[in-house]
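> Just the structure for this:
(one chain, ligands or ions: 1)
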Amino acid sequence: MNYNVVNRGDEVSIQLMNTFHDLIQRQGLTLEENNPDIVLSIGGDGTMLHAFHRYKEQLDHIAFVGIHTGRLGFFADWKPDEVELLAELMGESARQNDLRIVKYPLVEIQIMTPHGIETQLALNEFTLKGADATLVAELHINDELLETFRGDGICISTPSGSTAYNKSLGGAIVHPSLDAIQIAEIASINNRVYRTLGSPILLPKHHHCDIYPRAGQNIVLTLDHICLQRSDIVSIRSMTAAGKKVKFARFRPFPFWSRVREAFIGYERL
Ligand code: NAD
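Purely as a prediction, here's the structure:
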């Protein structure tokens, strides 16, 4: 089994990466940057987002795992002092050819421009915002107008991204076994003249949403940590990516709801 490591670039993460290389190569795994079976992210959730985008063309055969070198991450759930245990469990599963994985849905967006269609994937979410003024856009669901949106922007998240930006916007936390995307408003304008639904909504996998920004607007588009400024967008279609999921390697159980509790609540008992 081949592996690679993506690290945050700080001293602690680099040191941990070097320790991991020693440990895992003793377990018989081979370093392979271009075509790994497992990618270990060392850093925070942002590091995992970088790792995902680096390897997003190879999602069918790569499983990700994360060690956090800051506070507990949602994607990076192993602690630095567990690196030895992680390497042992990884080695064992490589020898037995038994890699346990969970598969989480992704959001796919199709950006229509006068020059053609670009397709992009996100692990957490994509957002659309006005670059220098209020975003004005029609939002259609399954080819029917739902509303004309005015405000800061629109966030469309995956279930695993539901605990990220979406959560700050009052969106629901969605279990990643559900193939769905969530649309959440970012500071919509609502008064006697302008009206939006005001509630986050969940779309099942066979539904799609089209956003048509008012012509000529400067738009900021974010895909996870990536930020693009565009003025050529005619519309953006978003939906649950068909046939593409991200795989996370699980060397021990850590259920999603325990992760939610650990990340946001803590563990106080009566
Ligand atoms: P970053 O790595 O500093 O991430 C920002 C925060 O989001 C960190 O605390 C990180 O742990 C957390 N996070 C990321 N993904 C998460 C997830 N799936 N569940 C729970 N927490 C998660 O910054 P970055 O590298 O630019 O990361 C980009 C991400 O930051 C975006 O995908 C977006 O979700 C998030 N973000 C959040 C807000 C907000 O909450 N107001 C605003 C902008 C971006």
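> Helix or strand for the spatially closest residue to residue 188 that is not a sequence neighbour, just tell me which one.
Computed as CB to CB, 6 or more residues apart in numbering, the closest residue to residue 188 that is not its neighbour in sequence is residue 151, at 3.7 Å. For the C-beta atoms, the positions are set from N, CA and C on the backbone; glycine is no exception. In the assignment (DSSP states H and E), residue 151 maps to strand 144-157.
> now the strands: where do they sit in the stretch 151-270 of the chain?
Ranges of strands in the stretch 151-270 of the chain, per DSSP state E, counting those that start in this stretch, are 180-188, 201-204, 209-213, 219-223, 226-230, 235-249.
> Distance-wise, check the residue nearest to residue 188 relative to residue 196.
Computed as CB to CB, to the nearest Å, the residue 151 to residue 196 distance reads 7 Å.
> who touches both of the two?
With contacts defined as CB atoms under 8 Å, 6 or more residues apart in numbering, the residues shared by residue 151 and residue 196 are 185, 188, 189.
> Among those, which one has the most neighbours?
Within these, neighbour counts (other CB atoms under 10 Å) peak at residue 185, which reaches 24 neighbours.
> Quick check: bridge partners of that one?
For residue 185, the beta-bridge partners are residue 154 (DSSP bridges).
> Renumber starting at 49 from here on
Let's use 49 as the start, then, which means that last one is residue 233.
> My read is that it contacts residue 199, right?
Yes. With contact defined as CB atoms under 8 Å, residue 233 counts as touching residue 199 (6.2 Å).
> Dump the shared contacts of residue 199 and residue 244 to TSV, plus distance to residue 168.
Below are the shared contacts of residue 199 and residue 244 laid out as TSV (distance: CB to CB, whole Å):
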residue	distance to residue 168
233	21
236	24
237	28
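> The ligand next: which of those are close?
By CB under 6 Å from any ligand atom, no member of the shared contacts of residue 199 and residue 244 lies near the ligand.
> Pick the one among these closest to the ligand.
Ranked by distance to the ligand (CB to the nearest ligand atom), those are led by residue 233 at 13.3 Å.
> Kindly report the residues of the stretch 149-298 of the chain close to the ligand.
172, 173, 208, 209, 211, 212, 213, 216, 272, 273.
> and the residue of the protein nearest the ligand?
Residue nearest to the ligand within the chain (CB to the nearest ligand atom): residue 94, separated by 2.6 Å.
> related to what we said a few turns ago, count of neighbours near the residue nearest to residue 236?
The number of residues packed near residue 199 is 19, by other CB under 10 Å.
> Tell me who's in contact with it.
Contacts for residue 199 (CB under 8 Å, 6+ apart) come out as 182, 183, 233, 234, 235, 236, 237, 244.
> run the last query once more with 6 Å
Taking CB atoms under 6 Å, 6 or more residues apart in numbering, we find residue 199 in contact with 235, 236, 237.
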